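Q: below: sequence and its predicted model.
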Amino acid sequence: MSAATILEEEQKHALHSREFGFWIYLMTDAVIFALLFASYAVLAENSAAGPTSNDLFDLSRTAIETGLLLVSSLTFGMASIALMHDQKGRVVQWLFVTLLLGLAFLAMEMGEFGGMIEKGAGPEVSGFLSAFFTLVGTHGLHVAFGSLGIVVMIGQVLVKGLTAPVRSRLMRLGLFWHFLDIVWIGIFSAVYLPGVL
Amino acid sequence: MNHSAERSLSTYLTGFVLAVLLTAIPFALVWGGLLAGSAVYAVIAVAAVLQVIVHLVFFLHIDLKSTPAENLFFLAFAAVLIFIMVGGSLWIMMDLHHRMQ
């Protein structure tokens, strides 16, 4: 075996370990979200005579946010397919579309938070609102970091090309992005839909 | 290569269509007020669990044959932890809530 192939094997092995490590990170992140969900479920009724979920939630906004995240999962899938075909330009295009969808989601969520705080329903008002802002805000923060990751990866694809480490990072970022969409399923099912019933 | 790529595009599209359906059902029920009482909560919960599975299978490509065993173990471990911690917290807090009244 030549030195080059040995190095390549080593690199493959290192990247494989990182993918497993990232998977462990995602599972621990899932545990954090699960506990935030539990806190929310316990505190959801405790509105301390302040505004309740019925006064505050707007289902049409939630539906649009849900649509944005779901479509962004599909467009990231398109980027992954382009990656398999070694189509560098396509990868960048689909990542860019995913980034725009992620930013649109964040803009809607910030609008929602801003509107609530303006109406006097900030996180300090009641147990319900503290739990709501913590849970939904933590998800929003993850989406913000995911969007930053997409920006970085667009840069890396353009500068470094589709090398093995770049492919591996893109794959891990994809896992992260799809994982955030799974957390959002929990949010609209446990927070928004029961909140307006 | 080409064949697996085709399959992968159809995988994402199938997952997307299923996810849209499983999102639309609970939203439509709540919006239209079509069901009353605990039945709505049951439908929301079942649709959510099914959609999580759809995302895991079609977007995260979890499958019992090709996914490395250690990844599956970790997924199962996290699921057990989540079940114990969330289920346990809710059980205790609901019970307390009940006794406080």
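A: That came through, no problem. Numbering: from 1, shown residues only, chains lettered A, B, ... in the order given.
Q: I figured B:Leu22 was touching B:Gln51, is that so?
A: Yes: here B:Leu22 reaches B:Gln51: they are 4.1 Å apart, a contact under Cβ atoms under 8 Å. The way it works is simple: take the backbone N, C-alpha and C, and place the C-beta from them, glycine included.
Q: okay, these two: which has more neighbours?
A: Neighbour count, other Cβ atoms under 10 Å in any protein chain shown: between B:Leu22 and B:Gln51, B:Gln51 has more, with 26 against 21.
Q: contacting residues around B:Leu60?
A: A:175, A:178-179 (Cβ atoms under 8 Å, 6 or more residues apart in numbering or on different chains).
Q: ok, 7 Å please
A: A:175, A:178 (Cβ atoms under 7 Å, 6 or more residues apart in numbering or on different chains).
Q: distance of it from A:Lys88?
A: Going from B:Leu60 to A:Lys88 by Cβ to Cβ, to the nearest Å gives 24 Å.
Q: check A:Glu9 too.
A: Here the criterion is Cβ to Cβ. By it, A:Glu9 lies 25 Å from A:Lys88.
Q: between those two, which has more neighbouring residues?
A: A:Lys88 (15 against 11).
Q: my guess is the more buried one meets A:Gln156, correct?
A: No: when contacts are counted by Cβ atoms under 7 Å, A:Lys88 is not listed as touching A:Gln156 (11.2 Å).
Q: for B:Leu35, phi and psi?
A: Main-chain torsions, B:Leu35, degrees, to the nearest 10: phi -120, psi 160.
Q: okay but it is in contact with B:Leu29, surely?
A: Yes: B:Leu35 lies in contact with B:Leu29 (Cβ under 7 Å); the separation is 5.4 Å.
Q: pretty sure A:Glu46 is touching A:Ser126, no?
A: No Glu there; residue A:46 is Asn. Yes: with contact defined as Cβ under 7 Å, A:Asn46 reaches A:Ser126; the gap is 6.1 Å.
Q: which one's more surrounded, these two?
A: Higher neighbour count among A:Asn46 and A:Ser126: A:Ser126, with 19 against 14, using other Cβ under 10 Å.
Q: OK, contacts around that one?
A: A:46-48, A:50.
Q: ok, B:Val52 next?
A: Counted by Cβ under 7 Å, 6+ apart, B:Val52 has contacts A:182, A:185.
Q: let me know the pLDDT of it.
A: Looking at B:Val52, its pLDDT is 96.
Q: B:Ala19 versus that one, what's the distance?
A: In terms of Cβ to Cβ, B:Val52 sits 10 Å off from B:Ala19.
Q: ditto for A:Thr75
A: 14 Å.
Q: now do the contacts for A:Thr66.
A: For A:Thr66, the contact set (Cβ under 7 Å, 6+ apart) comprises A:184, A:188, B:23.
Q: secondary structure element holding it?
A: If you go by DSSP states H and E, A:Thr66 is part of helix A:59-84.
Q: would you mark the buried spots in that helix?
A: A:59, A:62-63, A:65-66, A:68-83 (16 or more other Cβ atoms under 10 Å in any protein chain shown).
Q: what about A:Leu193, how many neighbours?
A: Here the count is done by other Cβ under 10 Å, and A:Leu193 has 24 residues near it.
Q: no wait, A:Phe96
A: Other residues close to A:Phe96 by other Cβ under 10 Å number 15.
Q: what helix or strand does it sit in?
A: In this assignment (DSSP H and E), A:Phe96 forms part of helix A:88-118.
Q: average pLDDT for the following helix or strand past that helix?
A: Next helix or strand after helix A:88-118 toward the C-terminus (DSSP H and E): helix A:127-160. Here helix A:127-160 scores 98 as its mean pLDDT.
Q: elements contacting helix A:127-160?
A: Under the contact definition 3 or more Cβ pairs under 7 Å, 6 or more residues apart in numbering or on different chains; DSSP states H and E, helix A:127-160 sits against helix A:3-43, helix A:88-118, helix A:164-187.
Q: what does chain B put close to chain A?
A: Residues of chain B lying close to chain A by Cβ under 7 Å from any Cβ of the partner chain are B:5, B:8-9, B:12, B:16, B:19-20, B:23, B:26-27, B:30-31, B:40-41, B:44, B:48, B:51-52, B:55, B:59-60, B:70-71, B:74-75, B:78, B:81-82, B:85-86, B:89-90, B:93.
Q: selection in PyMOL covering whichever of these are buried, please.
A: Of those, the buried ones go into a single PyMOL selection, burial set by 16+ other Cβ under 10 Å:
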select buried, chain B and resi 8+12+16+19+20+23+26+27+30+40+44+48+51+52+55+59+60+71+74+75+78+81+82+86+89
